[in-house]
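Novice: quick check, what structure comes out for this input:
(one chain, ligands or ions: 1)
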Amino acid sequence: MNATTDIAAVLDRAADGGRITPEEALDLYRSAPLHALGAAADKVRRKRYAGTEHIATYIIERNINYTNVCVTACKFCAFYAAPKDTEKGWSRSLEDILRRCAETVELGGTQIMFQGGHHPDYGVEFYEEHFAAIKREFPQLVIHSLGASEVEHMARISGVTAEEAIRRIHAAGLDSFAGAGAELLPERPRKAIAPLKESGERWLEIMETAHRLGVESTSTMLMGTGETNAERIEHLRMIRDVQDRTGGFRAFIPYTYQPENNHLKGQTQATLFEYLRMIAIARLFLDNVAHIQGSWLTTGKEVGQLSLHYGADDLGSVMLEENVVSSAGAKHRSNRMELIHLIRTAGRVPAQRATTYEHLVVHDDPANDPVDDHVVSHLSSTAIEGGTAHPELKILSSN
Ligand code: SF4
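Specialist: Residues are numbered from 1 along each chain as shown. From the prediction side, this is the model:
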C-alpha cells in the first residue's frame, strides 16, 4: 500500500462522488475492508440512480455464434477451431441464424449478440449481408454485437480502414458494439493470453472511432488469467481516459476466466471476493460510466446477487444461447423467472431493460411476475444441435 494513502478518507471521498486516481484505486482495491468498499460503491450507485435506486435490471438476449473458426488462437479460449481443423470448425448458415433470431423474438428477446471467431474469409461484406438480413426480417431486434477485434479483422480482410468498416456495418444494421475482445488492455497480460490480438491501445482507438461515429458500446474485462492487481486497475484507467473524451461506453462488465478446455488450464481464477472488489472499484473509479453489470454466468447466482450490493445496477441477461464462456467451463444457467427472483430476493425491484438501459417492464408486483419458464438460458452443447450436455433443454423449434 502507498504509505501516504488514508484508505478511509479516500473511500469517503469516492463515496461522495469525488474522482480517485489510479494509485488510490489500487490502494482501495488491495486494502479497503470489503464491506466498506461495497458500501461506498453502493452509495455512489444509489446517488446516480436517485429515484430509481430500488431497481436492478436484466435483459433478454441471445448470443448467436456464427462461426468458431478463428485465426487468432487466444490462449484462454475454449471455443475456437483453427481454420485447418475442419473436423472441429463450423459456420452457421444465414438461414440458421435467422431461425435463431425468430426464436429470440418469440421468447421476448430484444437483443442479438453476434459473436464468433475471426474467420479468415469474413470481411466487411459478410457482416453487411448478415446484419442487413437480420434487420430486414426482424427490425425489432437490436444488434448489439462484436467489438474492436472483429472490426480490425474484417477491415484487414476487406482492405479498408477500421473507420470505413464501422460506417458500413453500422449502415447495414449494427446498433452498438458489445465491446468483446477487450480481455485485458495493458500490454503484458494481453500479450500473455492473446498474443495475436490487436494491442489494447488499438482496441481503444477503434472503440473511440466508433463512439465518434455515433456507435456506442459496452466495455468488458476478463479477470483471472494471471494479471496483477495493478494491471486490473490500469485496464480501468485506459477505459476511463477514453470515456472522458467520448462518453460512448454505456457499461462496464467484468467477468472471470473459466479454466477448462483451453491452453491456460490450471492457472488461478480470480476469486469471488476479488470479483466483488472489482465491481465496487469499477463503480467508484469509473465515475463516467453509467452502468456496472454483475455477471452470474461466470461467478454464480449468489455472487451476482451480492454484486447488486457492491455497486452493480444490472444483472446481465437471460442468455437464450451462450457457447463461448460455457465451452471453458461456465456451467451456470438461468431463466427469466429465476433472474427476476434473484433480483427481488437481493432486495431490488427487477426490471427488464432495453439495450440502451430504458426500463421496458418493471416487475413491481410479484403477483404479476411472468410464469413462462421457456425463457431459459441454453448452454453450449444444448444450443448446438446434437449436443449432449443438457439434453432436456432442447433448443426451441421455430415451428
Ligand atoms: S477469444 Fe475470440 S478471437 Fe480469441 S480465439 Fe476465441 S474466438 Fe478467436
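
Novice: all contacts plus neighbour counts: C-alpha atoms, from now on.
Specialist: Will do.

Novice: so which elements touch the one helix or strand Asp42 maps to?
Specialist: When secondary structure is defined using DSSP states H and E, the element that contains Asp42 is helix 34-48. Using 3 or more CA pairs under 8 Å, 6 or more residues apart in numbering; DSSP states H and E as the contact test, the elements touching helix 34-48 are helix 7-15, helix 272-285.

Novice: what residues sit buried inside it?
Specialist: Buried residues in helix 34-48, defined by neighbour count with 16 or more other CA atoms under 10 Å: 34, 36-46.

Novice: out of the helices and strands packed on helix 34-48, flag the one nearest the ligand.
Specialist: Across the helices and strands packed on helix 34-48, the ligand has its closest neighbour in helix 272-285 (20.5 Å, CA to the nearest ligand atom).

Novice: what is the orientation angle of that closest one with helix 34-48?
Specialist: Taking axes from the mean of the first three to the mean of the last three CA atoms, to 10 degrees, helix 272-285 and helix 34-48 form an angle of 40 degrees between their directions.

Novice: and helix 272-285, how far out from the chain's middle?
Specialist: With CA atoms, centre = their mean, to the nearest Å as the basis, the distance from the averaged C-alpha position of helix 272-285 to the chain average is 15 Å.

Novice: so for the helix holding Asp42, mean pLDDT?
Specialist: Along helix 34-48, the predicted confidence averages to a pLDDT of 98.

Novice: give the next helix or strand downstream of it.
Specialist: Tracing the chain past helix 34-48, the next element assigned as helix or strand by DSSP H and E is strand 55-65.

Novice: right, and the helix or strand after the strand or helix carrying Ile112?
Specialist: In the assignment (DSSP H and E), Ile112 maps to strand 111-115. Scanning the chain past strand 111-115 towards its C-terminal end, the next helix or strand to appear is helix 124-137 (assignment: DSSP H and E).

Novice: what's that next one in contact with?
Specialist: 94, 98, 101, 141, 143, 154-155, 157-158, 165, 168-169, 172-174 (CA atoms under 8 Å, 6 or more residues apart in numbering).

Novice: among those residues, which lie within strands?
Specialist: Among those, the members falling in strands (DSSP state E) are Ile143.

Novice: go through the contacts of helix 124-137 and name the one nearest the ligand.
Specialist: Proximity of these to the ligand, judged by CA to the nearest ligand atom, is greatest for Met154, which lies at 12.0 Å.

Novice: contacts only, for the closest one.
Specialist: In this structure, Met154 makes contact with 122-124, 165, judged by CA under 8 Å, 6+ apart.

Novice: 6 Å instead?
Specialist: With contact set as CA atoms under 6 Å, 6 or more residues apart in numbering, Met154 has these partners: 123-124.

Novice: begin at 3 from here
Specialist: From this message on, residue numbering opens at 3, which makes the last subject Met156.

Novice: what about it, distance to Leu286?
Specialist: According to CA to CA, to the nearest Å, Met156 and Leu286 sit 36 Å apart.

Novice: also Met225?
Specialist: Distance, Met225 to Leu286, by CA to CA: 18 Å.

Novice: neighbour count: these two, which is higher?
Specialist: In this view Met225 and Leu286 are compared by other CA atoms under 10 Å, and Leu286 has more residues nearby, 31 against 24.

Novice: is it true that Leu176 touches Ile145?
Specialist: Yes. Counting by CA atoms under 6 Å, Leu176 sits close enough to Ile145 to count as a contact (5.2 Å).

Novice: what about the helices in the stretch 253-401 of the chain?
Specialist: With helices called from DSSP state H, counting those that start in this stretch, the stretch 253-401 of the chain shows them at 274-287, 298-301, 303-309, 338-347, 382-385.

Novice: picking up where we left off before, mean confidence score for the strand holding Ile114?
Specialist: 93.

Novice: and that strand, what does it pack onto?
Specialist: Taking 3 or more CA pairs under 6 Å, 6 or more residues apart in numbering; DSSP states H and E as the contact definition, the neighbouring helices and strands of strand 113-117 are strand 57-67, strand 144-147.

Novice: can I get those strands in a markdown table including mean pLDDT?
Specialist: What follows is those, written out as a markdown table (pLDDT from 0 to 100):
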| stretch | mean pLDDT |
| --- | --- |
| strand 57-67 | 93 |
| strand 144-147 | 98 |
